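[1] below is the sequence, then the predicted model.
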Amino acid sequence: MIPLFLGVALVTFAVLSLVGDPFAQMAINPRIKPEDIARLRHAWGFDLPWYLRFFKWFWSMITGNWGVSIFAGGKPVTELVARAIAYTLRFSLASLILAFVVGVPIGIYSALHQYTFFDYFFTFFAFFGMSMPTFWFGFILMMIFGLKLGWLPLGGVMTPGIETAPLFARILDQAKYMVLPVIVLSLFSMGSWMRYARSSMLEVIRQDYVRTARAKGLPERTVIFKHALRNALIPIITLLGLSLPGIISGATITETVFSIPGMGRLTVDAMLSNDYPVAMVCLLLESSLLIVGNLIADLLYAVVDPRIRYS
Amino acid sequence: MAVEATKIEEVLTGRVETYWYLVGKRLRKHRLAMLSLVVLILIILACIVGPYISPYKVSELGSTTEVLQPPSWKHPLGTDELGRDVLTRLFYGGRISLLVGFSSVVSALLVGIIVGAYAGYFGGFLDTILMRFTDIMFSIPVMPLLIVLSSVIPGAGVWKIVLVIAIFGWMTDARIVRGMFLSLRENEYVEAARAIGVSNNRIIWRHILPNSFAPIIVSATLGVGGNIIYEAALSYLGFGVMPPTPSWGNMLQNAQYAMAIAPWLVWSPGLAMFITVLAFNYLGDGLRDAMDPKLYR
Amino acid sequence: MRKLVEVQNLIKYFPVLGGIFSRPVAWVKAVDDVSFHIFEGETFGLVGESGSGKTTAGKTIIRLIEPTKGKIIFDGKDITKLPENQLRPIRREMQIIFQDPYGSLNPRMPIGEIIREPLLVHGIGDKKEQEERVVEIMKLVGLRPEYLRRYPHEFSGGQRQRIGIARAIVLNPKFVVADEPVSALDASIQAQVLNLLLELQQKLALTYLLVAHNLAVVRHVSDRIGVMYLGKIVEVAETKELFSTPLHPYTQALLSAIPIPDPEIKKERILLQGDIPSPINPPSGCRFRTRCRFAKDICAEKEPPLIDVGSGHYVACHFVKEGKVVEYSK
Amino acid sequence: MEREETLLDVRNLKTYFFTDDGVVKAVDGMSFTIRKGEVLGLVGESGCGKSVASLSIMQLVEPPGKIVEGEIIFKGEDLLKKTPEQMRKIRGSEIAMIFQEPMTSLNPVYTIGNQIMEAILIHQDLSEEEAKKRTIELLRLVGIPEPERRFNQYPHELSGGMRQRVMIAMAMSCNPDLLISDEATTALDVTIQAQILELMKDLQRKTGMAILFITHDLALVAEMAHSVAVAYTGKIVEYGDVYQIFKKPRHPYTYGLLSSVPSLKTEKTKTPLPAIEGMVPNPYKMPSGCHFNPRCPFATERCRKEMPELAEIEPGHLVRCFHPVAVEKEAVS
């Protein structure tokens, strides 16, 4: 866990060190005084050997001292990130829950009704979801529901000026803005959940202990819901951890398509304007989210599987 | 001591049933996978041949009257904001997208197989180090990192994108290969090889690797599709293949702003990509079923 | 008689890994201070239940598993510490037949290749000579040479076991470890394979180490038998002697546990209490004491040595002395 | 053995598997009966259909398998005519079953107490507390030490032998009239197998239940069973009481099987065993006529063309063979 985090920080640091010295290009600008550059270089630790610079950076990262954005008007990075992460979490969690709550039951139902029309239909649907380029799907939805039918907004997070409206109206308004991005974002993982839940359940219902449960004379409902389901969920929970990178990656694109000022959008903008300090914070934060997510998945795993608890 | 009799006759009359023959036989029963294979071959052929047949050049600008024309007999898929023929660009873009998809998968596979094979076979300290590193790489979200990487690595060519995608694509393969090696090295035929005195390298490449092909091939097939989408997403965000070289991704880059007036610009590259990726996914699924080790014991 | 294989105080511990850095947190004491020898031309049977370490012992002797401690002398040569490159020529002399006729053949290799590979690795003959040898061996083990281009999945369990045997003897070894060679086969096929092993031993002057859990099978082909329990040898004797006068309480119980296909024989069973303890934490003193009906205090304190009770009969029990069974009174 | 009333009468049972590569006739016209309190040994090699037959009685055959013909008369009623709900009530209460793999036959995520109690609660009108008491009683009955503590343990915390005891406790929970034991001791060590066999014999004597004892090991049958049915390629080839089968085997297959197994009674060692030639035929390509004819030393032209019927050659001794072995089989077993 902690070595993992250190490793991630080191890789992030190494990737961004590929950029070289971001202050070198400043020196060309005659209006910036050399003393200022020297001061900035010192503040960013560029006068230190790389490992000291890493620890200096890493220390300031974990103490929350993230500095100011070099290029974007000198805003504190904390402020930029705090707003962005709230949006990212809102959209990611909503789509994660949607994908899980829809995908897993359908997958399990498919497994129990293998080779029926339902199974074939949702197998196709799952492949459809997994093959759909996220941003293109976003365009299509925007064209249909935004432009053609005009039911939903094209992008953004809320109607301008809504801030003064009553709470309920504000929630309704923001929910309307969430519909399309959340559908787009959940489509891919919904497909994987279905496939995964289906194959996991198919695997489990062939197990000896399911046959034992039937031989005991248990009603089919108990056999499926008590004996099969809990075992089928064990590998699915592992996927919960593994699905997080996909959600974060998807968010990066979806946020750009729908102009949502989240972490992904922040990363893209930071990179487009060579704002490395912001990008580094973003990358590290997103990685931390993944690590924490995986930890939660591991804990859930132990709850479902008694074999883990004891070994 | 008689030779066991029953299977002999069929063995003598039947052809030598190699593994690949059996896989092919099973795959042919998977209708959607076969359909996908046909579709993929057609798409690849179209992308290779298309540009030679097309009357337009890929970057040939049309006259002002030809800008943003809807589909017509002259331009079956319409023209873009610079008056270029969309169909011609679709063929060229397909070449780039497929090239990126295939090459990045192949490069990632090479790295993944080597890392996974040695980690899985030798285990111990080497395995710990390699797998810790893989875990670290896995904990960094791919898309943001791809963006960062493609903007910090100098250059703008197609091969840079291949490199960037491959750098972050090998971990899955490494894990799969390692998993296969971990379980296969416990097989008695590996022990038998060691008892004979076969060297470690020959065991790895000649005995274990051929038996791990199934998940590797499935992963590679699915990977081509996935990497086409990565390339497209990167290009759409402006970090991928740079215009004027067309790719399915960067053809969509400006389409978002033109969607109200020129929806055909959105449909064709996206649909081409979707169908290609869907076909790869179905093919991968068919291969997974056809190569299921449970069927060949 | 010449000793072809001599095992002295062999120890093999397997680490149980745990923690982030996969460090050993415990040791499985699979083989724990075992000594025995195998004469040239004989079949030495090693029997025991799961966890007894019989398979580990068999594989360690031919250096498929690295020994933790002890000495293995093969054909007069100490091979315990030989590096792999010096071991390679010796591997020609000692081979192994495996239990699982499915897992022991590479499914992606035609059987001709499987049988030829030993010749290839040891650089014996050119391609043509190697192929001739493969055909010869296939005939010897009762396989039709026409099948050499076929893959293992086209053969039945019994035929696969013949392929495995062909691979083991193609180099003309002196010593073959047969690790549960028939336990995965159907009853009617077991006899075929056992007969083949006996026939080959006569034709090729082989020495066998037969590792098995089925005492009836071991009895049928072995000259001498060693009985293992939890990593230790508890009794060694000539086959006839072991079956007529088993001395160790474990051997006695093991023999009485074997079902006999005759409804008229209603035998008195010595039922052992409880389960086989874990080889990670074996009981102190005599390892069998937790299930032994004769156990006394001394059994927990002192480990009984394997002592010679006369005419090559060895027993490790505090209550067996000087060739006599001391009465087992409580 | 007392000649009591018939408990189970399986008549001409056929269970086929409809696979992509063809139809496998796993059970192809098997008939046998079990009287109350009787132990019937059903023996055969892999692929003889013995396990499928037992699953057919329980109606637990999974697709692509299907019972296509026959009657399974249990206590005078045909089980194949029962509704799924009626059948479910019989499973676990009147007919119980234990399986080969104690490692995988218990659900890894529930405690063993939970899994035994479940069977009690579903079939008997008991409160949770009474069921728990009964469960602990059962655990004690099958020889599990410290039953109160074991109650709350998970299967992975028990050894193979203990797990099989748990399976037996589960099967005994409702005092079944018939226990089906499908290779229940095959995966166990010899000394543990001996314990479990003793336990089963003991329980059988105490409760008077009948046992269908399925195994590939002839020696176990000699010890456990009153009557024996020998199966080959989905059919019964020989059927009789245990003395008839082991002392006077008449079918060449039974005869060969008994001769080829090395046993502790064999005196001479190192002589070739009289092995049965060849192997069990491919289920998709059964030989014509008698299925055993390619391996049979006595096979004639008739055997290659016609399938013999199971015929009684002495009271209670049935053989499916045109040329039954005539010699007394004394020194064999």
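    The structure has been received and is ready for your questions.

[2] okay, CA-based contacts and neighbour counts for the rest of this
    OK.

[3] neighbours around the residue in the stretch 101-250 of chain B that chain D sits nearest to, how many?
    As assessed by Cα to the nearest Cα, chain D sits closest to B:S183 within the stretch 101-250 of chain B, at 19.6 Å. B:S183: 12 surrounding residues under other Cα atoms under 10 Å in any protein chain shown.

[4] which strand or helix spans it?
    Secondary structure from DSSP states H and E places B:S183 in helix B:170-184.

[5] what's near enough to touch C:Q161?
    C:Q161 is in contact with C:101, C:181, C:193, counting by Cα atoms under 8 Å, 6 or more residues apart in numbering or on different chains.

[6] count of residues packed around the second one?
    Number of residues near C:P181 (other Cα under 10 Å) recorded here: 24.

[7] list the contacts of it.
    Counting by Cα under 8 Å, 6+ apart, C:P181 has contacts C:97-100, C:161, C:212.

[8] measure B:M143 to B:M137 for me?
    Using Cα to Cα, to the nearest Å, B:M143 is found at 12 Å from B:M137.

[9] an error on my part: the question was meant for D:I245.
    Using Cα to Cα, we find D:I245 at a distance of 67 Å from B:M137.

[10] circling back: right, is the helix holding B:S183 up against chain A?
    No - judged by Cα under 8 Å from any Cα of the partner chain, helix B:170-184 makes no contact with chain A; its nearest approach is 11.0 Å.

[11] what's the offset of that helix from the middle of its chain?
    18 Å (Cα atoms, centre = their mean, to the nearest Å).

[12] relative to helix B:170-184, how tilted is whatever helix or strand comes next after that helix?
    For helix B:170-184, the following helix or strand on the C-terminal side (DSSP H and E) is helix B:188-196. Here helix B:188-196 runs at an angle of 70 degrees relative to helix B:170-184 (axes from the mean of the first three to the mean of the last three Cα atoms, to 10 degrees).

[13] which one's more surrounded, B:M143 and B:M137?
    Counted by other Cα under 10 Å, B:M143 and B:M137 do not tie: B:M143 has more neighbours, with 26 against 22.

[14] wouldn't the more buried one be in contact with A:T254 here?
    No - in this structure, B:M143 is not within contact of A:T254 by Cα atoms under 8 Å, at 11.3 Å.

[15] pretty sure A:R265 contacts A:T256?
    Yes - if you go by Cα under 8 Å, A:R265 and A:T256 touch, sitting 5.5 Å apart.

[16] so what's B:W159 up against?
    B:V100.

[17] mind telling me what element it is part of?
    Under the criterion of DSSP H and E, B:W159 resides in helix B:158-167.

[18] CA atoms only: put that helix into CSV for me.
    Taking C-alpha atoms only, helix B:158-167 is exported to CSV below (Å, rounded to 0.1, in the frame of the first residue of the first chain):
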residue,chain,number,x,y,z
VAL,B,158,2.4,7.8,-35.6
TRP,B,159,5.1,5.8,-34.0
LYS,B,160,5.2,8.0,-31.0
ILE,B,161,1.6,7.2,-30.4
VAL,B,162,2.3,3.5,-30.8
LEU,B,163,5.1,3.8,-28.3
VAL,B,164,3.0,5.7,-25.8
ILE,B,165,0.1,3.2,-26.0
ALA,B,166,2.5,0.3,-25.8
ILE,B,167,4.3,1.7,-22.7
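
[19] could you list the contact residues of the stretch 51-200 of chain D toward chain A?
    Residues of the stretch 51-200 of chain D lying close to chain A (Cα under 8 Å from any Cα) are D:58, D:60, D:88-93, D:96-98, D:101, D:104-109, D:119, D:122, D:154, D:156, D:170-171.

[20] let me fix that: the stretch 51-200 of chain B
    B:132-133, B:135-137, B:139-145, B:147-149, B:151-153.

[21] cutoff 7 Å now
    B:136, B:139-144, B:147-149, B:151-152 (Cα under 7 Å from any Cα of the partner chain).

[22] now for those: which two are most distant?
    Within those, two members stand farthest from each other by Cα to Cα: B:I136 and B:S151, at 21.3 Å.

[23] for chain D, which segments count as strands?
    Remark: strands assigned in chain D by DSSP state E are D:6-19, D:22-35, D:39-43, D:65-74, D:77-78, D:95-98, D:178-182, D:210-215, D:227-232, D:235-241, D:311-314, D:317-319.

[24] cool, and chain C?
    Along chain C, the segments classed as strands by DSSP E run C:3-18, C:23-39, C:43-47, C:69-74, C:77-78, C:94-97, C:175-179, C:207-212, C:224-229, C:232-238, C:307-308, C:314-315, C:320-321, C:324-325.

[25] other SSEs contacting the fourth one?
    Which is strand C:69-74. Secondary-structure packing of strand C:69-74 (3 or more Cα pairs under 7 Å, 6 or more residues apart in numbering or on different chains; DSSP states H and E): strand C:3-18.

[26] try 10 Å
    With contacts taken as 3 or more Cα pairs under 10 Å, 6 or more residues apart in numbering or on different chains; DSSP states H and E, strand C:69-74 sits against strand C:3-18, strand C:23-39, helix C:54-61.

[27] pull the number of nearby residues for residue 122.
    I'll assume chain A. By other Cα under 10 Å, 19 other residues sit near A:F122.

[28] should've been chain D
    As a burial measure, D:I122 scores 17 neighbours (other Cα under 10 Å).
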